[in-house]
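[1] Please find the sequence and the predicted model below.
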Amino acid sequence: ISATPSSHFNLLRETLNAGKKVFIEKPPCKSLPELEQLIKASKKSVCKVGLQRRYWPGTKIVERKIKHARSYTYQFRTGPYIEGDTLTELFIHPLDYVLFLFGSGSVKSSTVVQDGPGMTVQLHLLHENNVSGLIECSTQHSWNTPTDLLSIDSKKECLTVQYPILVEGELKPARFAN
């Protein structure tokens, strides 16, 4: 299902109630009560939301390598997004990805800067597994050279993830006698 975001909830609910398997573009709904209805309806079917990073083949590599992650930084920078809701249609991708990889958590601090058509959101998250993350999502850059860069610091390796083209690890040097 790929339609106007405001119609996604009704279309998805009807499709799930019919017992169909469905892939829907994000956002599937606009509120927590709507989401709860969709979760209940999806028990009879299969539903995948268009959060592509979860289904990207590189994610399997990332999942194997982050078992001992300590922290990460995520830079997600594009040009202005005037077609829809920046938060629920664009910034949802990096936010969903870190929650998918590191689990739920809490926002320790946040900053939002609105400048004409551009917006920058900076977040400091602390996940339940004690992984700390800094996220910058911005539409104050360019669509010609967008940035989607996740850097993960683990116990033995530094991982660079550049969606959708690169997963690269650099082992940390061994240390003797602390």
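    Received, thanks. Numbers count the residues shown, from 1 in each chain.
[2] Show me which residues of stretch 61-70 are buried.
    62, 65-66, 69 (16 or more other CB atoms under 10 Å). C-betas here are computed from N, CA, C, even on glycine.
[3] Now do that stretch: distance to the chain's middle.
    16 Å (CA atoms, centre = their mean, to the nearest Å).
[4] what's it in contact with?
    101-102, 131-132, 152-157, 159, 161, 167, 169 (CB atoms under 8 Å, 6 or more residues apart in numbering).
[5] again, 7 Å this time
    Residues outside stretch 61-70 that contact it (CB atoms under 7 Å, 6 or more residues apart in numbering) are 101-102, 131, 152-157, 159, 161, 167, 169.
[6] Just the residues you listed: which are in strands?
    152-154, 157, 159, 161, 167, 169 (DSSP state E).
[7] among the residues you listed, which two are most distant?
    Farthest pair in the ones in strands among the contacts of stretch 61-70 (CB to CB) is 153 and 167. Separation: 14.9 Å.
[8] more neighbours, those two?
    Between residue 153 and residue 167, residue 167 has the larger neighbour count (other CB atoms under 10 Å), namely 20 against 17.
[9] and that one, what is it in contact with?
    Applying CB under 7 Å, 6+ apart to residue 167 gives the contacts 58, 61-62, 161.
[10] The same query, at a cut-off of 10 Å, please.
    56-62, 64-65, 150, 152, 159-161 (CB atoms under 10 Å, 6 or more residues apart in numbering).
[11] What's opposite it in the beta bridge?
    residue 161 (DSSP bridges).
[12] per-residue confidence for it?
    Here, the pLDDT recorded for residue 167 equals 94.
[13] Over to the one 5 residues further on?
    In the prediction, the pLDDT value recorded for residue 172 is 89.
[14] Kindly report the same for residue 178.
    Predicted confidence (pLDDT) for residue 178: 65.
[15] are any of the contacts of residue 167 buried, and which?
    Judged by 16+ other CB under 10 Å, buried ones among these: 56, 59, 62, 65, 150, 152, 159, 161.
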